[in-house]
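Enquirer: The following comprises the amino acid sequence and a computationally predicted model.
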Amino acid sequence: MVSRPVDGAARDTSGQAGEPADEPVDGATDEPAAGTAGEPARYHVVRVFGSLDVGGAERRTIELMPLLTEAGAVLHFVTLSGRAGVLAPVVERMGATVHPLPLDPRFPFRFLRLLRRLEVRVVHSDVSTFSGALVLLAALAGVPVRIAHFRSDGDGRPSTLRRRIQRWVMRKLIGFFATDIVGVAPGALSNAYRPSWESDPRCRVIPNGLDLGRLARRGDLDLRASVGAAPGEIVCLHVGRPAPEKRRWVVPQVVAALTASGRPSRGALVGARDAGDEARVLRAAEADGVVDRVHLLGVREDVGDLMRQADVVVLPSEREGLPGVVLEALAVGTVVVAADLPGVRFIARHLPGVTVVGRDAPPAEWAEAIGRAVLPSRERDPEAAVRAFRASVFTLEAAASAHLSMYRRSLPGARHDGTAAHPCAA
């Protein structure tokens, strides 16, 4: 059990890397507006991502934006790929500025110049161990609050000798120059940062907050009818990116195992279209003779409604941080059967409705777990699920409060840590 408390620019629209702009656009100014009577003081916050493409970290950050800006944060996004990303127009409409700064030899100078020109008070980096380089530069620029945020159990890259050396160096830089070290779950800090994180007072768990209002939207798709599910058939829903670590091709195998055991089922997969990943899913379905029982639905905006209609949400991922899909399903009252991952177990300690299966378990074991989970869940109480979620550590308000507790230390007169080495770096 974890002993530390859980706390609660110009855009390249073509999608190609281009010359980043150094001047603010869309009405952004270098100086934050002074707080008037009854209004919070304004201060600049830089969030760092690879790009603002569709992903759990990006979506959770966007959901937080209204609460952060209302409390005084003027948000900027730096994207290290040099691309703004498909979600850039969304954050720009919400008042943020996007600065695509590619990682080339000029990056350190451009990043430092941006921080100094805007008089940035907070740098909040969401790029795993590479955050070490960002918090070092932020310290050189005199930024008082420097946050390294771990979103997953690892960076998903091969552990070559060069990569291991880079991770070691970056973790050392985080240990020396970060004022706050955050993980979305205990496993993200233990696996991506260091096992001894609990001994460092700068480290804490801040779970991603979930926007329940978004999940409440009703869609126009009858899920059971769209996949041809007969009465009594189990509808297994998977929601996730077509990325290798999501292992979407396991879903057809589970559907086949369920059907072979006398519990006919259907599989529905929601997520971006990707030819290679979909081909692997379909090959698995063909191999098990369930092509007619597996349905690729593409991107959907009514995920909450689809989860309400499904019998179970399945998560066979091999790597996650704090899987938002699990939280979304539980918030609408749908049971989850998920791979045994640290983030999944963390959620299960706080909310009911999660069944854990070994990551390398055969399809028959997944099928048995789904059969056990679905039977008692046929009688649902969505209101009770919402009440349980609102009483948990996973609310949007709890996440915003935890973020603001870090950000506000940057304001004049507030206490903040210096850049001296911390015992965690030893």
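Expert: Thanks, I have the structure now.
Enquirer: any chance you could map the helices in the stretch 301-426 of the chain?
Expert: Remark: helices of the stretch 301-426 of the chain, listed N- to C-terminal, are 303-309, 324-331, 342-350, 363-377, 382-390, 396-407; assignment by DSSP state H, counting those that start in this stretch.
Enquirer: tell me the most buried of those?
Expert: With neighbours taken as mean count of other Cβ atoms under 10 Å, these reach their highest mean count in helix 324-331, at a mean of 26. Quick note: C-beta positions are derived from backbone N, CA and C, even for glycine.
Enquirer: From the chain's centroid, how far away is that one?
Expert: Relative to its chain's centre, helix 324-331 lies at 12 Å (Cα atoms, centre = their mean, to the nearest Å).
Enquirer: what's the answer for stretch 301-309, then?
Expert: Stretch 301-309 has its average C-alpha position 19 Å from the chain's average C-alpha position, going by Cα atoms, centre = their mean.
Enquirer: contact partners of it?
Expert: Residues outside stretch 301-309 that contact it (Cβ atoms under 8 Å, 6 or more residues apart in numbering): 214-224, 235, 237, 239, 268, 270, 297, 300, 313, 328-329, 331-334, 382.
Enquirer: wait, what's in contact with residue 243?
Expert: Residue 243 makes contacts with residue 277, as judged by Cβ under 8 Å, 6+ apart.
Enquirer: and it, what pLDDT?
Expert: Listed pLDDT for residue 243 reads 90.
Enquirer: and what of residue 372?
Expert: 92.
Enquirer: Find the residue closest to it in space, skipping its chain neighbours.
Expert: Excluding the flanking residues, the one nearest residue 372 by Cβ to Cβ, 6 or more residues apart in numbering is residue 355, at 6.9 Å.
Enquirer: repeat for residue 283
Expert: residue 249 is the one closest to residue 283 (Cβ to Cβ, 6+ apart), at 7.5 Å.
Enquirer: This protein - how does it break down into domains?
Expert: Under the assignment named as automatic domain parsing, the residue ranges that make up the domains of the chain are 43-209+397-425, 213-390.
Enquirer: where are the low-confidence patches of the protein?
Expert: Low-confidence regions of the chain, defined by pLDDT under 70, span residues 1-38, 155-156, 376-379, 413-426.
Enquirer: now the strands: where do they sit in it?
Expert: 43-49, 73-79, 97-100, 122-125, 145-150, 180-183, 203-205, 234-239, 265-270, 294-298, 312-315, 335-339, 354-357 (DSSP state E).
Enquirer: For residue 137, which of those strands is the nearest?
Expert: Each of the strands of the chain was checked against residue 137 via Cβ to Cβ, and the shortest separation belongs to strand 122-125, namely 8.0 Å.
Enquirer: All the helices of the stretch 51-200 of the chain, residue numbers only.
Expert: With DSSP H, counting those that start in this stretch as the criterion, the stretch 51-200 of the chain has helices at 56-70, 88-93, 107-118, 131-140, 161-177, 186-188.
Enquirer: And the strands of the chain: which comes nearest residue 386?
Expert: Ranking those by proximity to residue 386 (Cβ to Cβ) places strand 335-339 first, at 15.3 Å.
Enquirer: Good, we can wrap up now.
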